[in-house]
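>>> when you get a sec, could you give me coordinates for this:
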Amino acid sequence: MRRMGPYWVLLAVAIAATLTLPVAVLVFAPAPLSSQETPAARLVASVAADKETYLPGESVVINFRVTNEGNGIADIRFGSTCVATYSILSVDGAAVYNHQAHVGCGLMITEWTLQPGDTRAFTFTWSQTSDSGIPVLSFRSYRVQGLLLSTKPGPSAETRIFVMQGASGPNLAFTAKTDRTNYGPGDSANVTVILTNIGLETAVMHFHTPCFVQFLVLDEARHAQFNSSRWWGCVQILADEILAPGESRTWVFPWGLTTDAGAPLAIGQQYEVVPSFLWIYPEYQRNVSRTTVATFTMATFTT
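Predicted coordinates:
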């Protein structure tokens, strides 16, 4: 038998070692479930108006949307029949109009379920009036906020609109006066409302009733306490009013210093009397560029 040389012996040993040594194998296994992302809902709100600029008195259509942009199911609970609302603010954040304060929200538990990607949409219409029913000022920017009224703080969104000055036309001014600046319990007041044409054009106005001006009484929190138009007994008869430049009309209203509910005004507060056209005549209110209010105080006693 032929003997194997040293070279062949070494080669045989190397081959045997290769066949008997363990081989490393890379295995890719999925991470444990606990380290994966947990499905979660993420509610995102958006609000938009149908236009960016409006004429005075023009209706503002507000679209508010809530979308579940997360990867989990959103369970949302509400405590009343009102599930969404909007507010109008001035640029500096002062409240102008709160929609929720003007609708009847009944107590009722309501629940929503929003799958990922689901959207709920709401449409509101604002008539450019304040909480007191007075048309808002023109040539102003306003902030429009939409809010979801869920029991847990819901998402909100904001946009801005601009109310233009409007076309040129009659330029009118309202002035309110009271016969005194301080009143006591049991007193009554005479409120004078003056309408003046301060423009260069003759103002020609057509009304369906001779009672076409009013005054509102606001408390220190800017809440309306009295609206004179609710206490009138006016007939429905056509009435025209023509004011030459510089000409005025004056009305005097006796008032018992009560609220719309007939209760006496609160003692110790200051009140503001705001004159305007009746709310059904916004086309003439838009021509009012200056309003001078009257203020008075309800004191414990007067001298």
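
>>> for the helix or strand encompassing residue 77, the distance to its chain's centre please.
In this assignment (DSSP states H and E), residue 77 forms part of strand 74-80. Here strand 74-80 is found 21 Å from its chain centre; the criterion is Cα atoms, centre = their mean, to the nearest Å.

>>> CA atoms of that strand as PDB?
These are the backbone C-alpha positions of strand 74-80, laid out as PDB (Å, rounded to 0.1, in the frame of the first residue of the first chain):
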ATOM      1  CA  ALA A  74     -61.800  56.300  18.100                       C
ATOM      2  CA  ASP A  75     -64.600  56.000  20.600                       C
ATOM      3  CA  ILE A  76     -66.000  59.500  21.300                       C
ATOM      4  CA  ARG A  77     -68.700  60.300  23.900                       C
ATOM      5  CA  PHE A  78     -70.900  63.400  24.100                       C
ATOM      6  CA  GLY A  79     -73.000  64.700  27.000                       C
ATOM      7  CA  SER A  80     -75.700  66.500  25.000                       C
END
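
>>> Provide the strand pairings for the helix or strand that it is followed by, with the direction of each partner.
Remark: after strand 74-80, the chain's next helix or strand is strand 84-90, criterion DSSP H and E. Partner strands for strand 84-90, per DSSP bridges, with pairing direction: strand 95-98 (antiparallel), strand 140-148 (antiparallel).

>>> report the contact partners of the residue nearest to residue 64 when sequence neighbours are not counted.
If the residues on either side of it in the chain are set aside, residue 64 comes closest to residue 146, at 3.5 Å by Cβ to Cβ, 6 or more residues apart in numbering. Where C-beta positions appear, they are placed from N, C-alpha and C, glycine not excepted. Applying Cβ atoms under 8 Å, 6 or more residues apart in numbering to residue 146 gives the contacts 45-47, 62, 64, 84-86, 122, 156-158.

>>> can you pull up the bridge partners for residue 146?
residue 86, residue 157.

>>> so how far is residue 270 from it?
Noted for residue 146: a distance of 34 Å to residue 270, by Cβ to Cβ, to the nearest Å.

>>> now residue 164
Taking Cβ to Cβ, one finds residue 164 at 34 Å from residue 270.

>>> buried subset of the contacts of residue 146 as a ChimeraX selection?
ChimeraX command restricting the contacts of residue 146 to the buried ones, with burial defined by 16 or more other Cβ atoms under 10 Å:
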select :45,46,47,62,64,84,85,86,122,156,157
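
>>> list the buried residues for stretch 261-279?
265, 271-279.

>>> I meant to write stretch 126-134 there.
For stretch 126-134, a neighbour-count test (16+ other Cβ under 10 Å) marks 126, 128-134 as buried.

>>> tell me which of these fall in strands.
residue 126 (DSSP state E).

>>> will you turn the buried residues of stretch 126-134 into TSV that also has pLDDT and distance to residue 92?
Putting those into TSV (pLDDT from 0 to 100; distance: Cβ to Cβ, whole Å) gives the following:
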residue	pLDDT	distance to residue 92
126	97	19
128	94	18
129	93	19
130	93	15
131	93	17
132	89	18
133	86	22
134	86	18
